[in-house]
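[1] everything below, folded, please.
(chains A and B)
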Amino acid sequence: DGGITQSPKYLFRKEGQNVTLSCEQNLNHDAMYWYRQDPGQGLRLIYYSQIVNDFQKGDIAEGYSVSREKKESFPLTVTSAQKNPTAFYLCASRRNEKLFFGSGTQLSVL
Amino acid sequence: KNEVEQSPQNLTAQEGEFITINCSYSVGISALHWLQQHPGGGIVSLFMLSSGKKKHGRLIATINIQEKHSSLHITASHPRDSAVYICAVQVGGGADGLTFGKGTHLIIQP
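    Sure thing, here's the model as predicted:
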């Protein structure tokens, strides 16, 4: 079945540590997105990519980095510069205005 | 930037009841999405509409472009409908142009 796979489901970060969240899709979609979800708030866009080797900052990109070396993969790195990383992170893709989401990664700080 | 307001924030109903969730936005849009987020966190796209009405099974979505308002209805509600329902609006054709509401937490009691 086609879809978006996010891993791990739960991730813990120590102070000063960078962590990487994985997002893989086999839908052959060009556009991919990373969103952050905090309790009681709407999803906020971190980064997006419309094509391989190209990506753009979203509304809250500070403290995060991404790469898009392959169409299928769009990993998100939460760097030590992100001072409040505890949140639920969702990866998504889009084709013809329809959205497809992964199951998410819950990141917590130790 | 578009403001997206959903109401109610929380809704508890009995099985079989007719459910309505509302979404209002502040500026003109090109499309509106209704999404469903299950307790595990994964999000599923229910509808994308730019005018009129769409129906899928027991779910009905309507939009009034002039009034900048959309509703999601659930007929013959069932406990498996318990989820967070999220409204998202698209302004223009830009890949990053989605603004999300905070969601409506729906609980259907047997």
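[2] shouldn't A:Pro85 be in contact with A:Gly63?
    Yes - contact criterion Cβ atoms under 8 Å: A:Pro85 and A:Gly63 qualify, at 7.4 Å. Every C-beta, even on glycine, is put in place using the N, C-alpha and C of the backbone.
[3] quick one: list the elements packing against the least confident helix or strand in chain A by mean pLDDT.
    Taking mean pLDDT, DSSP states H and E as the measure, the helix or strand of chain A with the lowest value is strand A:98-101, at a mean of 90. Judged by 3 or more Cβ pairs under 8 Å, 6 or more residues apart in numbering or on different chains; DSSP states H and E, the packing partners of strand A:98-101 are strand A:87-95, strand B:31-37, strand B:43-49.
[4] dump these to a markdown table, plus mean neighbour count.
    Listed next are the helices and strands packed on strand A:98-101 as a markdown table, based on neighbours: other Cβ atoms under 10 Å in any protein chain shown:
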| stretch | mean neighbour count |
| --- | --- |
| strand A:87-95 | 21 |
| strand B:31-37 | 22 |
| strand B:43-49 | 18 |
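[5] and those as JSON lines, adding mean pLDDT and distance to B:Ile108?
    Listed next are those as JSON lines, based on pLDDT from 0 to 100; distance: least, Cβ to Cβ, whole Å:
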{"stretch": "strand A:87-95", "mean pLDDT": "94", "distance to B:Ile108": "23"}
{"stretch": "strand B:31-37", "mean pLDDT": "95", "distance to B:Ile108": "13"}
{"stretch": "strand B:43-49", "mean pLDDT": "93", "distance to B:Ile108": "16"}
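[6] so which of these is nearest A:Ile51?
    The closest of the helices and strands packed on strand A:98-101 to A:Ile51 is strand A:87-95. By Cβ to Cβ, the value is 12.5 Å.
[7] contacts for that closest one?
    A:4, A:6, A:21, A:23, A:25, A:27, A:29-38, A:43, A:46, A:74, A:76, A:99-102, A:104-107, B:41, B:43, B:95 (Cβ atoms under 8 Å, 6 or more residues apart in numbering or on different chains).
[8] of those residues, buried ones?
    A:4, A:6, A:21, A:23, A:25, A:29-37, A:43, A:46, A:74, A:76, A:99-102, A:104-105, A:107, B:41, B:43, B:95 (16 or more other Cβ atoms under 10 Å in any protein chain shown).
[9] just put the helices and strands packed on strand A:98-101 in CSV and tack on distance to A:Leu11.
    CSV is the format used below for those (distance: least, Cβ to Cβ, whole Å):
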stretch, distance to A:Leu11
strand A:87-95, 9
strand B:31-37, 19
strand B:43-49, 19
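[10] out of those strands, nearest to B:Leu106?
    strand B:31-37 (9.3 Å).
[11] from B:Leu46, how far off is the nearest residue to A:Phe88 once chain neighbours are set aside?
    Excluding its sequence neighbours, the residue lying closest to A:Phe88 (Cβ to Cβ, 6 or more residues apart in numbering or on different chains) is A:Gln37, at 4.4 Å. Distance, A:Gln37 to B:Leu46, using Cβ to Cβ, to the nearest Å: 18 Å.
[12] picking up where we left off before, neighbouring contacts of the least confident helix or strand of chain A?
    A:3-4, A:25, A:27, A:29, A:90-94, B:33, B:35, B:42-45, B:48, B:88.
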